[in-house]
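Chemist: any chance you could fold what I've pasted below:
(chains A and B)
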Protein chains: 2
Amino acid sequence: MTETLQPGAKIGILGGGQLGRMLSVAASRLGFVSHIYEPGMNPPAGQVADRVTTAAYDDAEALRAFAESVDVITYEFENIPTEALDLLEAHRPIRPGREAQRVSQDRLTEKAFLQGLGLQTAPFADITDLNSLNAAIDQIGTPAILKTRRFGYDGKGQARLHAPEDAGAALADMAGAPAILEGFVEFSHEVSIIAARGLDGQVACFDPGENVHRDGILHTTTVPARLRPAQRTDAVLLAANILNALDYVGVMGVELFVTPQGLIVNEIAPRVHNSGHWTQNGCAVDQFEQHIRAVAGWPLGDGQRHSDVVMENLIGGDMDRVPDLARDRDVALHLYGKAEVKPGRKMGHFNRIAR
Amino acid sequence: MTETLQPGAKIGILGGGQLGRMLSVAASRLGFVSHIYEPGMNPPAGQVADRVTTAAYDDAEALRAFAESVDVITYEFENIPTEALDLLEAHRPIRPGREAQRVSQDRLTEKAFLQGLGLQTAPFADITDLNSLNAAIDQIGTPAILKTRRFGYDGKGQARLHAPEDAGAALADMAGAPAILEGFVEFSHEVSIIAARGLDGQVACFDPGENVHRDGILHTTTVPARLRPAQRTDAVLLAANILNALDYVGVMGVELFVTPQGLIVNEIAPRVHNSGHWTQNGCAVDQFEQHIRAVAGWPLGDGQRHSDVVMENLIGGDMDRVPDLARDRDVALHLYGKAEVKPGRKMGHFNRIAR
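Modeler: This is a model prediction of the structure:
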């Protein structure tokens, strides 16, 4: 296969956060060399990458030079400006492909795409003005949540509606941005499945993990998740369905609500995912290497788990726990090399391994 | 403890080969930043380190600047010139300490040290001239092997004596360098134990591995090694004995011959060791992270094994096997990012995990 990268090949990674950092380390294990593109100064990924370009996503010259310096381009986040992707793609392949970016950048497009595949989602409606919002509330009911369709608003752009009367205030919070109303789903717990698809169409899934959030940020992922065998099979089949429909190449995180009516897709992320960090200490080939393998056109690992794991994020001041965690014989630490501790900032995570 | 490094601290690594590379990756997992010092251009470790200094070991200015840029200094090989270590140590702590370098740089000193601890070694004698060589042959017998006392002769400096008549030719091979005659040991197999000692004196050992060499280069390490429980205990105790005697901080590789008369110490290496690479896929904390933990003054991992592993080196043209190995679901690959394949050159290794 001419599209298969040989050791020594260069992998460009858009984004220099902790995901780019762990992708870079995984790339090195397979003999690849990483080049990070990141607008921010001193990105965590830069500490373990061969090269870093510090430039904005509208710097055409820097984008071109970056693309020409690598063999393939991948990314650690789904909100890369379309113009930047256009320019990059003129020079080098981008994996996962553009369609995954297009679908996941827009909540409405994503939900419509998932429904088109016959998958269950939360009830939703396209909101353009107060009339369409009131009509949607009639249909979906309250409580519900109004969200901007596109991300990248730095946590803003979400408003909860407790009653129909909240419509006007919630719409004002959107500041004129296109929005989507989502109904609430009654679920017992949330799981996610980290799935991968190779350049040859091969699909491999890691075991689903069960997620617990705190203050809107992932807190723990426990593997194995509480799922009946039939639900486990469903999760694998629906993930494969999504990957195949997008002709996807790489790792994707699929968040699922577990309900008596079956699995409901909450969200897809076309990249390695926080809820897949447990694979670093549970599998021979972790999600980061799996992604690099896919992007490089290599065969995928099979995703088999050798250990049960609970992953827990270290957020902000949780870094004070590191000395105690370092003493815990069942804990494997993964710190991100971020200089400044900030509230809500992901500073690292640890995997507690069941023995 | 003031000597404990905090995440964000900088670790200087002397040597930019594959061991420095894997140390650098392990350091990043704990949030440390690596700075490599290496005379050769484009060192493999440079691809995953934050910073590289390319300079010779007699470049006082570069050594000083390197030392002042880091919080602690460690190394990937035992033959660093004494003058360089003197200069570096004037600025920053070197771990493992100088005594380990002094002992392991000289075969005679090393064997005398081991015997002084009551440990068994191959019979040996100090050789200064033909008279002392003939006397040693009388005592030790043939076959035997004449070796230069100090290493770093690029594979040269060893001559096998099949009979006493070989003495003159063998001595000529030493080219006047101080030498040591070693008798042969009858052993059933070779094992090695990767042991670590923390800054607080805590000792932790990984399970011994069984080594097979080909053409003088390590070929495979199989874990667990064939050892009776009493031999396993002996291996741990003698390793701890060596580490404590040197007030050692870091990981050490101890090669042992298994004989009916007990374990005989072949060689010690004051660093992470090729025969410990299996720990990357057999343990939560591998030998590289264990070394960084010790050097940083952190608590050690306990060395417990979650999987049986066979490590195999990829030497020179073995790189042709990579596509097949990538397809093998039980194989975890570790490639070193070396641009040029040369016969006898270590290009990578893989760990085959027992399921």
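
Chemist: so what's A:Ser69 closest to, chain neighbours aside?
Modeler: A:His35 (5.8 Å; Cβ to Cβ, 6 or more residues apart in numbering or on different chains). All C-beta atoms are positioned from the backbone trio N, CA, C, and that covers glycine.

Chemist: surely the one you found is in contact with A:Ala45?
Modeler: No. Between A:His35 and A:Ala45 there is no contact under Cβ atoms under 8 Å: 10.1 Å.

Chemist: common neighbours of these two, please.
Modeler: Residues touching both A:His35 and A:Ala45 by Cβ atoms under 8 Å, 6 or more residues apart in numbering or on different chains: A:13, A:52.

Chemist: so those two - more neighbours on which side?
Modeler: Between A:His35 and A:Ala45, counted using other Cβ atoms under 10 Å in any protein chain shown, A:Ala45 has the larger neighbour count: 27 against 21.

Chemist: the more buried one is in contact with A:Gly16, isn't it?
Modeler: Yes. Counting by Cβ under 8 Å, A:Gly16 is a contact partner of A:Ala45 at 3.9 Å.

Chemist: between these two, which contacts overlap?
Modeler: Common neighbours of A:Ala45 and A:Gly16, counting by Cβ under 8 Å, 6+ apart, are A:36, A:38, A:52, A:76.

Chemist: coming back round to it: residues making contact with the helix or strand the residue nearest to A:Ser69 falls within?
Modeler: Assigned by DSSP states H and E, A:His35 belongs to strand A:33-38. Contacts to strand A:33-38, defined as Cβ under 8 Å, 6+ apart, come from residues A:8-17, A:20, A:23-24, A:27-28, A:43, A:45-46, A:48-55, A:62-63, A:66, A:69-70, B:47, B:337.

Chemist: and the residue of the stretch 1-150 of chain A found nearest chain B, what is it in contact with?
Modeler: Residue nearest to chain B within the stretch 1-150 of chain A (Cβ to the nearest Cβ): A:Gly31, separated by 3.2 Å. Going by Cβ under 8 Å, 6+ apart, A:Gly31 touches A:7-8, B:335-337, B:348.

Chemist: how close does it sit to B:Gly337?
Modeler: Distance of A:Gly31 to B:Gly337, given as Cβ to Cβ, to the nearest Å: 5 Å.

Chemist: near chain B, which residues of the stretch 251-355 of chain A?
Modeler: A:281, A:284-285, A:293, A:298-299, A:301-302, A:304, A:306-307, A:319, A:322-323, A:326-327, A:329-337, A:339, A:348, A:351, A:353, A:355 (Cβ under 8 Å from any Cβ of the partner chain).

Chemist: averaged pLDDT, stretch A:65-81. What do you get?
Modeler: Stretch A:65-81 shows an average pLDDT of 96 in the prediction.

Chemist: contact residues of the stretch 1-150 of chain A facing chain B?
Modeler: A:4, A:7-8, A:21, A:24-25, A:28-34, A:46-50.

Chemist: in helices, which of those appear?
Modeler: A:21, A:24-25, A:28-29 (DSSP state H).

Chemist: in terms of helices and strands, where is A:Trp171?
Modeler: Not quite, residue A:171 is Leu, not Trp. Going by DSSP H and E, A:Leu171 is in helix A:167-173.

Chemist: can you tell me the closest non-neighbouring residue to the residue of the stretch 251-355 of chain A at minimum distance from chain B?
Modeler: Using Cβ to the nearest Cβ, the closest approach of the stretch 251-355 of chain A to chain B is made by A:Leu335 at 3.2 Å. For A:Leu335, ignoring the flanking residues on the chain, the nearest one in space by Cβ to Cβ, 6+ apart is B:Gly31 at 3.2 Å.

Chemist: quick check: buried residues in the lengthiest helix in chain A?
Modeler: In chain A, assigned by DSSP H, the helix with the most residues is helix A:229-245. When burial is assessed from 16 or more other Cβ atoms under 10 Å in any protein chain shown, helix A:229-245 yields the following buried residues: A:231-232, A:234-236, A:238-243, A:245.

Chemist: turn those residues into TSV, columns for distance to chain B and pLDDT.
Modeler: Shown next, in TSV, are those (distance: Cβ to the nearest Cβ, whole Å; pLDDT from 0 to 100):
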residue	distance to chain B	pLDDT
A:Gln231	25	97
A:Arg232	19	97
A:Asp234	24	97
A:Ala235	21	98
A:Val236	17	97
A:Leu238	24	98
A:Ala239	19	98
A:Ala240	18	98
A:Asn241	24	98
A:Ile242	24	98
A:Leu243	20	98
A:Ala245	26	98
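
Chemist: burial measure for A:Gly116, as a count.
Modeler: Counted by other Cβ under 10 Å, the residues lying close to A:Gly116 total 9.

Chemist: who touches A:Ser132 in this structure?
Modeler: Neighbour list for A:Ser132: A:125-126 [criterion: Cβ under 8 Å, 6+ apart].

Chemist: pretty sure it sits in a strand.
Modeler: No. Using DSSP: H, G, I helix; E, B strand; the rest coil, the assignment for A:Ser132 is helix, not a strand.

Chemist: next one: it from A:Arg321, what distance?
Modeler: Distance, A:Ser132 to A:Arg321, using Cβ to Cβ: 47 Å.

Chemist: now A:Met311
Modeler: Going from A:Met311 to A:Arg321 by Cβ to Cβ gives 14 Å.

Chemist: rewinding a little: just the buried residues of the residues of the stretch 251-355 of chain A next to chain B.
Modeler: Among those, those buried by neighbour count (16+ other Cβ under 10 Å) are A:281, A:284-285, A:293, A:298-299, A:301, A:304, A:306-307, A:319, A:322, A:326, A:330-337, A:348, A:351, A:353.

Chemist: coming back round to it: make a markdown table out of the contacts of A:Gly31 and add pLDDT.
Modeler: As requested, the contacts of A:Gly31 are arranged in a markdown table below (pLDDT from 0 to 100):
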| residue | pLDDT |
| --- | --- |
| A:Pro7 | 94 |
| A:Gly8 | 95 |
| B:Leu335 | 98 |
| B:Tyr336 | 98 |
| B:Gly337 | 96 |
| B:Gly348 | 98 |
